[in-house]
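Engineer: What shape does this take:
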Amino acid sequence: MKNENGNYMLYCGDKSYEVTPEVQETLKGAMYWEHCLKLDNIELKNAELAVRAIEDGTNTSGFTRYTKEDVNELRNAVKQDDLSIKDMMNEMEKQGVPNWAGNAALEFGRKNDLRVVYFSDFFEKSPYADATKFNAYEEYKKEWIADHIDDVTMTATEATYENCEEAKEMTFDQYVQEYGFEDGSVYASYSEFLHNEYEEAQKTSEDMEHD
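Structural biologist: As a prediction, this is how the structure comes out:
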């Protein structure tokens, strides 16, 4: 939806934000690079599995479409995607983009195939206009558990999970302010958030072992 100035308006509950042409380009960049990061991470995992299967003899045919060089190239691509996202996040901060709008753009890039979905859909539909409550905490938790969980970290973080259950009924903006984000700022990507959560859980488990 555009206002009388011809600029898109984004909404989150009772909050609104006017998107200038400059900010629009920054948000589009954030969506694009977050989408690239998702695709490159998927291909990297497939490549690593394929190369590992050759090395450990699981793949007896000896044929694979990926090589070690491909794996290294994909790892570099993921690093570059991360850096590009961080550049976009720094630009958002300079432009005064609110946390919820930045997160909305990143989530749009993660959840949609930008090869078939237009960037304008994000601005025209304003994804936070009608649905201001969603379970962001559970999404983060599921990804983190899938990648990192073990008995030690589960024990160390069990109380935290229980204490955060009320986050399900909070707006994402409230969630950002109260759980897991330094000074209420947004992370560049899910992977950055998950890395922080994992490091904190490891430290907690080590502290518990020393008690």
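Engineer: ok, which stretches of this structure are helices?
Structural biologist: Secondary structure of the chain (DSSP state H): helices located at 21-55, 68-95, 99-111, 119-125, 136-148, 151-163, 172-178, 190-210.
Engineer: just checking, what packs against the fourth one?
Structural biologist: Pointing back at helix 119-125 there. With contacts taken as 3 or more C-beta pairs under 8 Å, 6 or more residues apart in numbering; DSSP states H and E, helix 119-125 sits against strand 8-12, helix 21-55, helix 99-111. To be clear about C-beta, it is placed using only N, CA and C from the backbone, and glycine gets the same treatment.
Engineer: before we move on, back to that, compare the mean pLDDT across the helices of the chain and name the weakest.
Structural biologist: Comparing mean pLDDT across those, the weakest is helix 151-163, with a mean of 43.
Engineer: got the contact list for the residue lying closest to L114 once chain neighbours are set aside?
Structural biologist: Distances taken as C-beta to C-beta, 6 or more residues apart in numbering put H35 closest to L114, at 4.7 Å, once the chain neighbours are dropped. Going by C-beta atoms under 8 Å, 6 or more residues apart in numbering, H35 touches 109-110, 112-114.
Engineer: List buried residues within those residues.
Structural biologist: 109, 112, 114 (16 or more other C-beta atoms under 10 Å).
Engineer: And those, which is closest to M1?
Structural biologist: Closest to M1 out of the buried ones among the contacts of H35 is N112 (18.8 Å), distances taken as C-beta to C-beta.
Engineer: Mind pulling up the pLDDT for the closest one?
Structural biologist: In this model, N112 carries a pLDDT of 85.
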